[in-house]
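S.K.: any chance you can model this:
(one chain, ligands or ions: 1)
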Amino acid sequence: MASGTESSEAATAGPPPSVEEIRTTALAALVDADSEVVLDQWRVAYLGRKSDLTNVLRSISSLPAEDRKTVGASANQLRGALEEALAEKAQELKAGPSEIADALDVTLPGRRRRSGGLHPTTQTIREITDAFGAMGFQIAEGPEIEWERYNFDALNIPADHPARDQWDTFWLDSPDGKGRSDMLLRTHTSPMQARLMEQTDPPIRVVIPGRCFRYEATDATHEWHFFQVEGLAVDRGITFADMKGTLFEFARRIFGPERKVRFRVDFFPFVEPGAEMAIDCFKCNGQGCSMCKGTGWIEIMGAGMVHPAVLRNVGYDPEVYTGFAFGMGVERIAMLRHGIDDVRQFASGDLRFLSQF
Ligand code: PHE
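M.R.: As a prediction, the model looks like this:
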């Protein structure tokens, strides 16, 4: 027993701590002192008669002459520093919690970070392409700056054809600056029909979202830039019935399972026959209201069977292959679905609009 006690005392004794070690431990211990009682214990432990610092100060006279001055100076400096720190801490405790601590109410709920989101146009594009994706369509994209050839000629719209007037066009200047070049900002996504058919052999089933541009005055229903989603399906034996079935399914996926669709003859130079597809008004169920302007129907896209001349232009044999194409305005679909009344909101960058989606 006795020997055990002796050995544990020997283990804790060790070499006396240096002035710097005393400083470190003393100041660290002071941080935690949170009452006058603890503060007094601290004073006894680090500045008291039996403290390490007092021991150092007492032992100075027995040090070798060359050490006395430096050790003495640093030990005295430390005593001053500790006394000062003690006084400061005592003051702090007396003053009570600081103003900052008072102002910090940890029970307040945190400030929520504003998170970004997908633009309503992007959301709508994804909903549209998802609907066609579920029916086996792939997605492709094409250039916004397009050759006249793809935007018009390949689509059976020759230079002198009055149908060109249907598309108000931003032309790029010619390199010499005199007049226009044969490049333009695409007026629709249909040029991608020709590009894809040139690049690939049938079967093709693809939807093509993208931005389009038209040189026109803006108002609540017209923008000079907007998005379309184009669609194209080409294979042996594709019929108008396939087109109707596909677009009917699309309408039900986007506008609800009760939707009816209506196809009426329309003219686009690159389809024959051409059609305009409408859905029965989802607001009044076809009764007639402000949404459908009293007609009970809402037009949502142009469509038709790919014109034989277009198939020939890209090197397909119209006797072997047939197909259908369609194109719709994305903002228009989003406006219908969300009851948005002004197309200019989409590009406004106004967070009061955007944060609703
Ligand atoms: N590109 C046509 C437009 O912008 C829409 C359309 C696409 C019509 C495909 C028929 C077939 O008006």
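
S.K.: packing partners of the lengthiest helix in the chain?
M.R.: For the chain, the longest helix by residue count, based on DSSP state H, is helix 65-95. Helix 65-95 is packed against helix 19-31, helix 36-47, helix 52-59, with contacts defined by 3 or more Cβ pairs under 8 Å, 6 or more residues apart in numbering; DSSP states H and E. Where you see a C-beta, it was placed from the backbone N, CA and C, and this is true even at glycine.

S.K.: nearest to the ligand, of these?
M.R.: Each of the helices and strands packed on helix 65-95 has some distance to the ligand by Cβ to the nearest ligand atom; the shortest is helix 19-31, at 72.9 Å.

S.K.: kindly calculate the angle that that closest one makes with helix 36-47.
M.R.: Interaxial angle of helix 19-31 relative to helix 36-47 (axes from the mean of the first three to the mean of the last three Cα atoms, to 10 degrees): 180 degrees.

S.K.: hmm, who's touching helix 19-31?
M.R.: The contact list for helix 19-31, computed with Cβ atoms under 8 Å, 6 or more residues apart in numbering, reads 17, 42, 45-46, 52-53, 56, 71, 74-75, 78, 81-82, 85-86, 89.

S.K.: and the residues you listed, which two are furthest apart?
M.R.: The largest separation in the contacts of helix 19-31, counting by Cβ to Cβ, is between Val71 and Lys89 at 26.3 Å.

S.K.: need phi/psi at the residue of the stretch 151-300 of the chain at minimum distance from the ligand.
M.R.: Ranking the residues of the stretch 151-300 of the chain by distance to the ligand (Cβ to the nearest ligand atom) places His188 first, at 3.3 Å. Backbone dihedrals for His188, given as degrees, to the nearest 10, come out at phi -160, psi 170.

S.K.: begin at 641 from here
M.R.: Happy to do that; since the first residue is 641 now, the last one works out to His828.

S.K.: so what's the residue count around it?
M.R.: Applying other Cβ atoms under 10 Å, we find 23 residues neighbouring His828.

S.K.: next up, the contacts around it.
M.R.: Neighbour list for His828: 791, 807, 852, 868, 870, 967 [criterion: Cβ under 8 Å, 6+ apart].

S.K.: which ones among those are found in helices?
M.R.: Cross-referencing these with the helices (criterion: DSSP H) gives Asn791 as the overlap.

S.K.: intersect the contacts of His828 with the contacts of the ligand.
M.R.: Within the set of the contacts of His828, contact with the ligand (Cβ under 6 Å from any ligand atom) is found for 870, 967.

S.K.: of the contacts of His828, which pair is most distant in space?
M.R.: Pairwise distances across the contacts of His828 (Cβ to Cβ) peak at 14.2 Å, for the pair Trp807 and Glu870.

S.K.: separate out the buried members of the contacts of helix 659-671.
M.R.: The neighbour-count test (16 or more other Cβ atoms under 10 Å) applied to the contacts of helix 659-671 identifies 682, 686, 692-693, 696, 711, 714-715, 718, 722, 725-726, 729 as buried.

S.K.: adding pLDDT, write these out as TSV.
M.R.: Supplementary listing: these in TSV, determined by pLDDT from 0 to 100:
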residue	pLDDT
Trp682	90
Tyr686	91
Asp692	90
Leu693	90
Val696	88
Val711	87
Ser714	89
Ala715	89
Leu718	90
Leu722	90
Ala725	88
Leu726	89
Lys729	85
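
S.K.: which ones are touching Tyr790?
M.R.: Residues in contact with Tyr790, defined by Cβ under 8 Å, 6+ apart, are 826, 831-832, 834-835.

S.K.: apart from its neighbours in sequence, what residue is nearest it?
M.R.: On the basis of Cβ to Cβ, 6 or more residues apart in numbering, the spatially nearest residue to Tyr790 that is not a chain neighbour turns out to be Pro831, at 3.6 Å.

S.K.: okay, the residue of the stretch 791-940 of the chain closest to the ligand: pLDDT?
M.R.: His828 is assigned 97 on the pLDDT scale.

S.K.: now Ser643
M.R.: We have a pLDDT of 45 for Ser643.

S.K.: Arg766 sits in which helix or strand?
M.R.: Mapping Arg766 onto the secondary structure by DSSP states H and E places it in helix 760-773.

S.K.: what mean pLDDT does stretch 945-957 get?
M.R.: The average of the pLDDT scores along stretch 945-957 is 97.

S.K.: and Ala873, what does it touch?
M.R.: 777, 843-846, 882-883, 886, 963-965.

S.K.: hmm, I was thinking of Val970
M.R.: Counting by Cβ under 8 Å, 6+ apart, Val970 makes contact with 761, 764-765, 768, 849, 866-869.

S.K.: just flag the most distant two among the residues you listed.
M.R.: The two members of the contacts of Val970 with the most space between them (Cβ to Cβ) are Ile768 and Phe866, at 13.9 Å.

S.K.: which of those two has more neighbours?
M.R.: Set side by side, Ile768 and Phe866 show unequal neighbour counts under other Cβ under 10 Å, the larger going to Ile768 at 22 against 18.

S.K.: right, and that one touches Ile894 too?
M.R.: Yes: using Cβ atoms under 8 Å, Ile768 is in contact with Ile894, at 6.7 Å.

S.K.: what touches both of these two?
M.R.: Between them, Ile768 and Ile894 have Ile973 as joint contacts when contacts are counted by Cβ under 8 Å, 6+ apart.

S.K.: gap between Phe866 and Glu784?
M.R.: The span separating Phe866 from Glu784 equals 12 Å under the rule Cβ to Cβ, to the nearest Å.
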